[in-house]
Structure formats: C-alpha cells, structure tokens
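# I'd like to go over a predicted model; first the sequence, then the structure.
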2 protein chains.
Amino acid sequence: MPKQKKRKLGRGVAIVGGAMSYFGMYPDKTSRDLMAEAYTDALETVDKGIDPRDIEALYIGNFTADLFEGQGHLGHIMADWLGLAPRPATRVEGACASSGLAFREAVMAVASGMYDVVLAGGVERMTNAPTENVQDYLAAASDVPFEVDQAAFTFPGLYAAMGTAYMARYGTTREHLMHVAVKNHQNGALNPRAQFNSSLRDIMEQRKKRAEEKGRPIPTWGDEFDFLSDDSVNPAVAEPLHLFDCSPVTDGASCIIVAAEEVAREYTDDLVTVAASAQASAGPFTTWGGDITGIPSARIAGRDAYEMAGVGPEDIDFAEVHDCFTTAEIMAIEDLGFFEPGKGAFGSAEGLTSRDSDRPINVSGGLKSKGHPVGATGVAQLQEVWTQLRGRAGDRQITHKDLRLGLTHNVGGTGGTSAIHILERK
Amino acid sequence: MPKQKKRKLGRGVAIVGGAMSYFGMYPDKTSRDLMAEAYTDALETVDKGIDPRDIEALYIGNFTADLFEGQGHLGHIMADWLGLAPRPATRVEGACASSGLAFREAVMAVASGMYDVVLAGGVERMTNAPTENVQDYLAAASDVPFEVDQAAFTFPGLYAAMGTAYMARYGTTREHLMHVAVKNHQNGALNPRAQFNSSLRDIMEQRKKRAEEKGRPIPTWGDEFDFLSDDSVNPAVAEPLHLFDCSPVTDGASCIIVAAEEVAREYTDDLVTVAASAQASAGPFTTWGGDITGIPSARIAGRDAYEMAGVGPEDIDFAEVHDCFTTAEIMAIEDLGFFEPGKGAFGSAEGLTSRDSDRPINVSGGLKSKGHPVGATGVAQLQEVWTQLRGRAGDRQITHKDLRLGLTHNVGGTGGTSAIHILERK
C-alpha cells in the first residue's frame, strides 16, 4: 500500500479525568453498576472539578454485552444510567480493543471541533456467564468461520499457536514466560483495584497455608518458579500456555474524560495530552505471510504512533501493553520496538521490563494481574498511564525516573485490531 | 441542561461514493458477502474512479452479528474481506441506528484531520435466524432489564404502546397508518434493490391471482385499504400495529465513501456535503416525562441538526425517515418539525408526504418496503439522499422540484438513539 500522509489532529486533546472500577468477580453487578463506579470515581479525579453537564458526548467500549448480558445498544443505556442523556452515546466495538477504540473516537470527536469535552468508557461483565459459554463468547472475537468453525481453534489456542511458533524460532522456554507472570503479579500486588492484588509468592504461600490448615500434605515449592512449574497448581490451558500464563475472566469498567487542549485548563493545570493515536487491522493468521511470531497490526499501529508523535521507541518512558497471555506481552514489547525480535523473552527474564527498569512494562499489574474485563481494558491502560504521568499512582508510582511519554498497546482478538496511544506530560 | 455551543466541524466533508446491496432474504449470504456487494458497487459510483488504497479507515455499523452470526469484532473482518487491511476498522453500534452512527464517526474522523478518505458501511444478516430468536435479538436493542424482563414488552410491543398513545391523543385511526404503508410500497416498487419491489396493489393482485390459480375463492378486495383491513391477510402483530405496519426482517448492507471537501474533487465534481450531523440519546419510556407520542431524542437531534446547518424544517426538500413501523414515520415527520404534533397522520393521509408532494418522505420505499437490515439502514438512507441530490435515482428520482437539502432520520431501539444528518448539494 502507498505510504500514508503524516497524521495530525486539527486541535490538541488532553485527558482531564479518569478512573477504573475495582476489577474482579462481581456476579451481582451489571455493566451499568460497574460503569457507574468508574464514572463517579473519574469525576472525582478532575483537579478543578467538573459539572457533568459539561460532558457533551459518550463513547462506550464494550465487546459483547449482547452475548454476556443479552443487552445490546449499550450507548444509550449508559447515557441514561449515568444521568447524561440526551447526550449522544455511541458504543464502539473492537473485541478486547473496544475501549482503546472508544478513546480514539472520543479524541477524534474533540479534534473535529464537534465537541469540547467527551467521555470514553469501557465495560465488560463476564463472570456471570457459565464457564463453558465464556470460551464461545470470546471466540466471537476471532474470525469464526475460518478460525473456529473450520480450524477448531479456541481463543487461547490461537495465542498458543503464536507462542509455539515464537518459542520454536527463538529458543525460549516456559520459564521465560513465567518471568512475565511473576513480574505482573508483583506489580498488581501494589494496585488496590487489581483482580489479583497479590504476588504469585503470596498466592503460593496461601496455598501452603491452606494445605496446612486442612491437614493436607504441605507442598514443598521453593520459589515462584517451582510453583509455576507444578502442573497440579498451574495446569496447561493450551500448550505452551498454562493457567498462570493467562489473564483472568473479569468484571470491570473504566472511564476517561478528554477535553480540547484549549479548554482543558478549566479542569486541571496538570496537563497530559494525546501525542499519538494509531490503529491498524489484520485478517486471520492465514493472511499474515507465514509469520505468527508477532502481531502485524501492532507493528503497523506502533510505527504510525511513533510517526505521529515524532518520537521513537527509545523515547517511551514506560508502557501498558496487552498481556492477555504472557507470550502476548513478549511479542508486544518486540512489536513496539522496545526489543529486537526474539529478544523480548530474554529481556523479560533479565528484568529489563520490571518496575525499577529503564522502561517499566505493565506497572499496573497488566491484564494478567489487574484483570481483563475485555471492553474495559483499553481505557484502563490509558487511565494508568495518565495517572503515572501525573505522579498520582500511590504505592505503585514509578519514582526512579522522570516520566514524560507513556504508551498504551491494546489488541483486539488475535491481532485483528491494534490501538496504540502515546500520552505526553506537558 | 445548559444550551450547548453551536456545533461546527473543523473542515468540510463530502460524500464521493455510495451503494446498497440488494435488500431481501439471502439465507446463503453472510455479512461479509453482503458488505462486499455494497462496497464493490460503491466503488463504481465514484465519478472519477477511486483507488481502494485511498481509503484510510473503515467504520462498520452493525447491531448484533454477535447474536445473529456468533461473530463479533466485525471491523477487522470487513477490513480483511474487502482487501482493506491493515487500515483501521471500527465497528460502531447503536441498534437500528448503527450505521447512522458509523457515518457520523467517519465524518468526524475526516473533520478531525486524521484521515482524508473514509468508508462508512452498515450490515445486518437477519433472516438466517429462527423466527423465535429474532424477537429476542431485536429486544436487545431496548433496555432489557426494565422493558423486557420486568415489563414483558416485545420490540413491536414498545412501538405499539407509542402508537396507541398517539392515536388516543390525536384521534387517528388505523386507516391513517395504512396510507404510510401504501405510499412506501408505491415508492419501493420503483426501487430495484428493495426487498418488496412492488406496491401493495400488486401484492393484492398477486394474492387474487394465486387464489384463482389454485381454485380457491377469489377475494373481493376493492382497493389496497380493503386488503389492509382484512385481518386474515394483515393480522395484528401488536395492536394497533398489523403485519403491513411493520418493516420486514432483512439481509443487507450499505456503503458510503466520504472525503475531506478539499480533496473530494479528485473523485467527483458533483459535490454533496454534510451540512449537519447530530445525535441524541434517551433512556426507556419511564424517563420520558409521561409523553410517548413522539421520540425525544429525535426532536433534540433534529433541533441540533437544523442549528448546525443553519436551516429549518421548511428548508428540507425531502427526507428518508426511520419507518420501522408506520406509526414511527408519522412521529418522525412531527419530531422533525415537518408537521405540527398530531398533524402527521392526517397529513400523510392527505398525500402531503407522497413522492409528488412538496416534501417527499421515503422515496426509496423506506424501511417498510425497501427492507430493514438494522445495521445497514442508516447508511442506506444517506446513500439514497446522496443519490437523489445528484439526480441519479433512476425511475424513482424526484423530478418535480429542485433538490438542495435532504435529511436522514435514523433511530436506534425505541428512541434510545437518534442520528440525524442533513446533506447539501453544492
């Protein structure tokens, strides 16, 4: 395809508020309840306060309340439930990238001149569905006739195929993957709203303690890696992916408020702006030219994002990436140019992505530990980066380096959609 | 709520191409097949031709392929299927207004400066679903816990309640409604791509002929109104709505290509621009303040659209409105200010909306006769208005008056979302 022109927005867009609900298993909460939590908390984060009537439009990222709750048309539901009707409300869907796309539409709506202040939310209610149905619902994010009906892939199976190809090419082992899980759980332990607000070591100790209390044989794991290597506690889901390689099924919502840069100072003097917003698509594996060791749409969107922001991977101070599986984080940090192809797994094992490294990855805990309510994930990533850039992340704040540029990497399906944003502290 | 600022786009947006697939029952065609038809035909309508590689992004309006086909994440599916990957592709959902909203996002994406040329499509595959399921799927467009679970409404039941309230207040009869059906079928008879490409008189004559051929008693209907009054051919669906008051279940797709006004002349010298794009939301009936004889979100979006275009209802030359039921057309023409409240039904019966009137309504056949593949309807309306404004509508071209401004009125659910656009011939 011919080279596209350089992307530029008609006017600057800033983030002025944002929050996520508690992520976890909340079988009694509907999408509305979750969204209302994220929204009311987001209003509280606006430094100089905001009159909800200033919000001129809503974009709601949601993968499939249709299947999970029998409820479509979620835009108007949320406008009504949040007290924002008759404001325009649009549901945006791109599987697990739904709210990354919702944020993108909010940014363009402001840049277009149509609105000055817009809400971008994301939500998914998942844990109420029977486990056997969840797999089918998630499979609707792939190319169903070609990948599911004909090839009999499950959703983890598709990522497992990518992981297998990656490991075969680069000689990585399951232990490399475990480092990603251990790190993200360590980070999630510092995030009070994470679904797994505990390190894997804590989970391991809890298991030992429970065995002791119940008079069962006490396991003899030495460290987290022994624990992860024990198939009885960490069974295979789809080889090489085991239980602790996979992000969980989660209920949750997220919310961000964006404003035209020219009005943003009415809400805060601590400005974070959108330096880049990029998105790309792909078909199923069979269209990828024989290489499934990375995600083409993420590479393209990453390239476009760097070009739009006028920066390179070396300028990014930290990132939230789409670690729906441990392998996905490794591919993400390569696709984004943080590591050479094949070096991401080794780099992760060497601690080059940990919270005290030069470029921390997923300090929120990532999808792995924070949880992955699919439609809410994109905006939750953006909210984390915004919070870190402003130095307001509490116990999990990155403190060993100055933060100017943060990146979010949000993937839908098995790479069918990638949305990448770069935020900049002014 | 406080008065909002006057809406203005950062740069002008024009339509340079558009088409709809044949609407009807196509059980062997998937959403992809339907979308590919609309897309390839849309490319053909670009006066000076277009290289598909010029299309920089896609917006796909779809209500719920999740439920109808078990397929979510439709953006990337279509980008791949149309050969447009890796272009960004986003599914937009607002129930029956899904592609009205998709068009709106395409317009704002161009106005924002992010893209110069963008595709807005709409699609729904419906007739493959078992009839008993279709009602449940459509109900997902309403507020399910409050309207369906608690109040036991069906989707036609909700519109029937509105119709009953309207008829009680204004003293209208079922015969007034029939005029809408008769007119829209007359119009659809001129539209080769309409699902019901025949007038009700033709349908009536066919029924008589079939009876004759089969040796059954020949019915003695005198005119279309006798036919519609016969409950054996026009049974009640939800009183006061009978079968011929309802739009059908339809498979179909639609496609439009928009471009920044500054580049549009590369594609055509016959410019139609977007003079207004407005949208509004509402909660369920219980939030409407006791009046269900019109749709509040349509009134608000209509007012906003007129304000944005700097025109009034009297300036609109013709319109495509959301006649999912005959009553809905009557309310639409009142909500849009074409008729005073309570006068739309009488006006319709007097022929004031017919194709040779001062302000023809639904010359395409409308949802009633053209068909209503819900996610495709909004863009199909826009494509009709664009085609009429350019004088390219063939047998159904409006010829008795000059056309400068055309309006589309696209409603999601029972008024949860309304999207209204005004197009202008330059």
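All right, it came through fine. All figures in this text were calculated on a predicted structure; none of them were measured in a lab.

# Tell me the secondary structure at the residue nearest the centre of chain A.
For chain A, residue A:377 is the residue whose C-alpha lies nearest the centre (CA atoms, centre = their mean; 4.1 Å). Following DSSP: H, G, I helix; E, B strand; the rest coil, the label given to residue A:377 is helix.

# Could you pull up the residues touching it?
Taking CB atoms under 8 Å, 6 or more residues apart in numbering or on different chains as the criterion, residue A:377 is in contact with A:96-97, A:99-100, A:122, A:254, A:322, A:367, A:410. Every C-beta, even on glycine, is put in place using the N, C-alpha and C of the backbone.

# right, and the pair among those residues with maximum separation?
The largest distance within the contacts of residue A:377, taken as CB to CB, falls between A:254 and A:322 and amounts to 14.1 Å.

# neighbour count winner among those two?
A count of neighbours by other CB atoms under 10 Å in any protein chain shown puts residue A:254 above the other of residue A:254 and residue A:322, at 37 against 31.

# For chain B, see how far away residue A:303 is.
10 Å (CB to the nearest CB, to the nearest Å).

# ok, now which ones touch that residue?
Residues in contact with residue A:303, defined by CB under 8 Å, 6+ apart, are absent; none qualify.

# Make sure it is indeed in a helix.
Yes - according to three-state DSSP, residue A:303 belongs to a helix.

# just to revisit the earlier point, out of the contacts of residue A:377, which are buried?
Neighbour counting over the contacts of residue A:377 (16 or more other CB atoms under 10 Å in any protein chain shown) leaves A:96-97, A:99-100, A:122, A:254, A:322, A:367, A:410 as the buried ones.

# any chance of those residues in TSV, plus distance to residue B:24 and pLDDT?
Shown next, in TSV, are those (distance: CB to CB, whole Å; pLDDT from 0 to 100):
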residue	distance to residue B:24	pLDDT
A:96	35	98
A:97	34	98
A:99	36	98
A:100	37	98
A:122	37	98
A:254	41	98
A:322	41	98
A:367	43	98
A:410	38	98
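
# picking up where we left off before, in helices, which of the contacts of residue A:377 fall?
A:99-100, A:367 (DSSP state H).

# Nearest to residue A:235 among those?
Taking CB to CB as the measure, residue A:235 lies nearest residue A:367 of these, at 19.8 Å.

# Pretty sure residue A:358 sits in a strand.
No - according to three-state DSSP, residue A:358 belongs to no strand; its state is coil.

# how about it, what does it touch?
With contacts defined as CB under 8 Å, 6+ apart, residue A:358 is in contact with A:352, A:401.

# if we go to 10 Å?
Residues touching residue A:358, when contacts are defined by CB atoms under 10 Å, 6 or more residues apart in numbering or on different chains, comprise A:314, A:317-318, A:338, A:352, A:400-401.

# Got a quick PyMOL command for the buried subset of these?
A single PyMOL command suffices to select whichever of the contacts of residue A:358 are buried according to 16+ other CB under 10 Å:
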select buried, chain A and resi 317+318+338+352
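
# Now narrow the contacts of residue A:358 to whatever sits close to chain B.
With the criterion set as CB under 10 Å from any CB of the partner chain, no member of the contacts of residue A:358 is near chain B.

# how about TSV for the contacts of residue A:358, with pLDDT and distance to residue B:268 added?
Rendered in TSV, the data for the contacts of residue A:358 read as follows (pLDDT from 0 to 100; distance: CB to CB, whole Å):
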residue	pLDDT	distance to residue B:268
A:314	98	45
A:317	98	47
A:318	98	47
A:338	98	45
A:352	98	54
A:400	98	57
A:401	96	53
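
# my read is residue A:187 is in a strand, agree?
No - secondary structure assignment places residue A:187 outside any strand; it is helix (three-state DSSP).

# Could you tell me how many residues sit around it?
As a burial measure, the neighbour count of residue A:187 was computed by other CB under 10 Å and equals 24.

# cool, and residue A:8?
Look at residue A:8: counted by other CB under 10 Å, it has 10 neighbours.

# got a list of what it touches?
Applying CB under 10 Å, 6+ apart as the definition, the contact partners of residue A:8 turn out to be A:111, A:308, B:112-114.

# Dihedrals phi and psi, it?
Residue A:8 adopts backbone torsions of phi -150, psi 130, taken as degrees, to the nearest 10.

# quick one: the one helix or strand residue A:207 maps to to chain centroid distance?
Residue A:207 is part of helix A:200-213 when elements are defined by DSSP states H and E. Computed by CA atoms, centre = their mean, to the nearest Å, the separation of helix A:200-213 from the middle of its chain amounts to 28 Å.

# mind checking the SS state of the residue in the stretch 201-350 of chain A that chain B sits nearest to?
Residue nearest to chain B within the stretch 201-350 of chain A: residue A:283 (3.1 Å; CB to the nearest CB). On the three-state scheme (three-state DSSP), residue A:283 is labelled coil.

# what residues are up against it?
For residue A:283, the residues meeting the contact criterion (CB under 10 Å, 6+ apart) are A:143, A:146, A:296-297, A:415-416, B:76-77, B:79-81, B:83, B:85-86.

# Most neighbours among those residues, which one?
The most crowded member of the contacts of residue A:283 is residue B:76, carrying 35 neighbours; neighbours defined as other CB under 10 Å.

# Please enumerate the strands of the stretch 51-200 of chain A.
Ranges of strands in the stretch 51-200 of chain A, per DSSP state E, counting those that start in this stretch, are A:57-61, A:89-93, A:117-124.

# hang on, residue A:119 packs against residue A:107?
No - between residue A:119 and residue A:107 there is no contact under CB atoms under 10 Å: 12.0 Å.

# Need the residues touching each of these two.
What both residue A:119 and residue A:107 touch, as defined by CB under 10 Å, 6+ apart, is the set A:59, A:256, A:258.

# ok, back up a step: and of the strands of the stretch 51-200 of chain A, who's closest to chain B?
For these, proximity to chain B was assessed by CB to the nearest CB; strand A:89-93 is nearest, at 4.4 Å.
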